[in-house]
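Engineer: take this sequence and fold it.
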Amino acid sequence: MGITIREISGKRELKKFARFNIDLYKNNPYAVPQLIYDEVNTLNADTNPAFEYCESVYYMAFDGEIPVGRIAGIINNRVNEKTGRKTARFGFVDFIDDPDVSKALFNAVETWAREKGMEEVNGPLGFTDMDPEGLLVEGFDQIGTMVAIYNYPYYIEHITKLGYEKDVDWVEFKIFVPESIPEKHQRIANIVKTKYKLDIVKYTSSKKLVKDYGQKIFELINDAYANLYGYSPLNQRQIDYYIKMYLPMVRLENVTLIINEEKDLIGVGIAIPSMTRAMQKAKGKLFPFGFIHILKALRGKNDIVDLLLVAIRPDYQNTGANALLFSDLIPVFIKNGYKYAESNPELEENGKVQSQWQYFENKQHKRRRAYLKKI
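Structural biologist: Residues are numbered from 1 along each chain as shown. All right, here's what the predicted structure looks like:
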């Protein structure tokens with residue numbers, strides 16, 4: 001019958017859109033399925049605050065009545081205003097190994113983008129930096145993480161044959177937890193703490209953390225990430241959304257805040273036990289048993305920890321203040337039996353971020369890429 005493309009809308013169809021990724025990777029030991037509920041909320045204009053400045057379209061490819069691919073087209077107007085470019089994004093993209101399918105999906109997004117007055121398409125990207133981004137191009141035999149994309153190797157050939165070229169790369173590291181804090185690292189942390197009159201703040205109450213620093217954490221993220229690739233500042237609705245989503249679920253011993261002499265927040269590090277195995281067991285569903293696997297991962301034993309968020313205020317980024325974060329977190333990691341930490345994606349050219357791993361045994365084990373095509 002040939003490949004047909006259908007525009008997708010409404011919660012029921014968005015669930016099928018989200019479900020396609022889970023079905024495509026159901027037998028893959030490295031892929032991490034997202035929760036359908038969370039992905040639908042991200043794609044839905046009624047629940048995602050990013051739609052205050054974004055617009056989107058969703059397409060699925062069918063062979064007869066069998067779904068064989070999906071793709072989202074996104075325009076982040078705030079980023080376009082900042083860059084002065086007319087750029088659409090593709091994201092949430094998956095397809096079987098059939099060039100007719102990938103071509104039909106990308107043609108649909110490119111046509112939509114041109115009709116919207118756009119001149120180029122890049123991705124894979126989401127609405128904001130809080131969404132998974134970057135096509136996996138190295139590390140297909142490495143277990144994925146909750147916040148990053150996993151894809152089959154054949155995606156690369158399909159996308160490049162359609163005229164997309166590398167725009168930027170992100171790299172990811174395994175940072176092996178040492179038996180104790182490296183002496184040089186601890187010495188730097190002590191010097192920085194004294195020289196800049198910094199203090200570490202810890203909490204034992206999630207409610208108090210949210211009350212005291214919830215807003216300030218995400219304001220700091222806006223400052224620290226302002227000049228990163230494709231970043232658009234979080235608005236107040238988004239800040240409220242992410243405070244509610246992330247902060248109540250973290251283990252507070254894995255949250256480290258740094259303040260200066262004026263009690264201003266200048267650094268934050270948030271780690272969570274790896275959710276990979278739990279998300280694989282949940283298979284995209286919280287109920288009836290998915291939430292049990294997730295709670296066990298958050299509260300139980302785990303040998304991998306994900307560095308969910310590390311941010312230092314720009315005026316402190318060259319001071320070594322990040323050493324304080326890890327001088328506090330490493331003893332926690334040792335106590336909990338974590339073997340290594342996943343850095344999650346870092347821009348390839350961001351030497352300041354990658355230099356912080358030099359004091360630890362580490363391995364760059366994944367690479368992902370954003371592509372760009374003029375249309």
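Engineer: pull out the buried positions in stretch 37-46.
Structural biologist: 39-43 (16 or more other C-beta atoms under 10 Å). For every residue, glycine as well, the C-beta is placed using N, CA and C.
Engineer: swap in stretch 57-69?
Structural biologist: Buried, per 16+ other C-beta under 10 Å, within stretch 57-69: 57-63, 67-69.
Engineer: sorry, back to before: strands - which of the buried residues of stretch 37-46 land there?
Structural biologist: Among these, DSSP state E puts none in strands.
Engineer: closest one of the residues you listed to residue 258?
Structural biologist: Closest approach to residue 258 among the buried residues of stretch 37-46 (C-beta to C-beta): residue 42, at 30.2 Å.
Engineer: for the longest helix anywhere in the chain, name the packing helices and strands.
Structural biologist: Longest helix in the chain by number of residues (criterion: DSSP state H): helix 99-115. Other helices and strands packing on helix 99-115, by 3 or more C-beta pairs under 8 Å, 6 or more residues apart in numbering; DSSP states H and E, are strand 3-7, strand 54-63, strand 66-76, strand 87-95, strand 120-123, helix 154-161.
Engineer: go again using 10 Å as the cut-off
Structural biologist: Judged by 3 or more C-beta pairs under 10 Å, 6 or more residues apart in numbering; DSSP states H and E, the packing partners of helix 99-115 are strand 3-7, strand 54-63, strand 66-76, strand 87-95, strand 120-123, helix 154-161, strand 362-374.
Engineer: can I get the fifth one in PDB, CA atoms only?
Structural biologist: Once non-C-alpha atoms are left out, strand 120-123 reads as follows in PDB (Å, rounded to 0.1, in the frame of the first residue of the first chain):
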ATOM      1  CA  GLU A 120      16.600  25.500   8.200                       C
ATOM      2  CA  VAL A 121      15.800  22.400  10.300                       C
ATOM      3  CA  ASN A 122      18.100  21.000  13.100                       C
ATOM      4  CA  GLY A 123      17.900  18.400  15.700                       C
END
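Engineer: and the helices and strands packed on helix 99-115: which comes nearest residue 144?
Structural biologist: When these are compared by C-beta to C-beta, strand 362-374 sits nearest residue 144, at 8.7 Å.
Engineer: dump the closest one to PDB, restricted to CA.
Structural biologist: Extracted in PDB, the C-alpha atoms of strand 362-374 (Å, rounded to 0.1, in the frame of the first residue of the first chain):
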ATOM      1  CA  ASN A 362      37.000   8.500  33.600                       C
ATOM      2  CA  LYS A 363      36.000   7.200  30.100                       C
ATOM      3  CA  GLN A 364      34.300   9.100  27.300                       C
ATOM      4  CA  HIS A 365      31.800   6.300  26.300                       C
ATOM      5  CA  LYS A 366      29.100   8.100  24.300                       C
ATOM      6  CA  ARG A 367      28.700  10.800  21.700                       C
ATOM      7  CA  ARG A 368      25.600  12.400  20.300                       C
ATOM      8  CA  ARG A 369      25.000  14.900  17.500                       C
ATOM      9  CA  ALA A 370      22.700  17.700  16.400                       C
ATOM     10  CA  TYR A 371      22.300  17.900  12.700                       C
ATOM     11  CA  LEU A 372      21.400  20.900  10.500                       C
ATOM     12  CA  LYS A 373      19.900  21.200   7.000                       C
ATOM     13  CA  LYS A 374      19.100  24.300   5.000                       C
END
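Engineer: in it, what's buried?
Structural biologist: 362, 364-371, 373.
Engineer: neighbouring strands of it in the sheet, and parallel or not?
Structural biologist: Listed by DSSP bridges, the sheet partners of strand 362-374 and their directions read strand 120-123 (antiparallel), strand 135-138 (antiparallel), strand 165-176 (antiparallel).
Engineer: just say which of those is most tucked in.
Structural biologist: Most buried of the strands paired with strand 362-374, by mean neighbour count (mean count of other C-beta atoms under 10 Å): strand 120-123, with a mean of 23.
Engineer: thought residue 5 was touching residue 60?
Structural biologist: Yes - between residue 5 and residue 60 a contact is recorded at 7.4 Å, counting by C-beta atoms under 10 Å.
Engineer: identify the contacts common to the two.
Structural biologist: 69, 71, 105, 108 (C-beta atoms under 10 Å, 6 or more residues apart in numbering).
Engineer: can I have the buried ones of those as a ChimeraX selection?
Structural biologist: Here is the ChimeraX command that selects the buried residues among the shared contacts of residue 5 and residue 60 (16+ other C-beta under 10 Å):
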select :69,71,105,108
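Engineer: between the shared contacts of residue 5 and residue 60, which is nearest residue 140?
Structural biologist: residue 69 (19.4 Å).
Engineer: which residues does that closest one bridge with?
Structural biologist: For residue 69, the beta-bridge partners under DSSP bridges are residue 61, residue 95.
Engineer: for it, give its distance to residue 291.
Structural biologist: Here residue 69 is placed at a distance of 30 Å from residue 291 (C-beta to C-beta, to the nearest Å).
Engineer: ok, now which ones touch the residue lying closest to residue 86 once chain neighbours are set aside?
Structural biologist: Nearest residue to residue 86, sequence neighbours excluded (C-beta to C-beta, 6 or more residues apart in numbering): residue 119, at 4.4 Å. Residues in contact with residue 119 (C-beta under 10 Å, 6+ apart) are 85-88, 113, 374-375.
Engineer: try 8 Å this time
Structural biologist: Neighbouring residues of residue 119 by C-beta atoms under 8 Å, 6 or more residues apart in numbering: 85-87, 374-375.
Engineer: same check, this time on residue 54
Structural biologist: The neighbourhood of residue 54, defined by C-beta under 8 Å, 6+ apart, consists of 74-78, 127.
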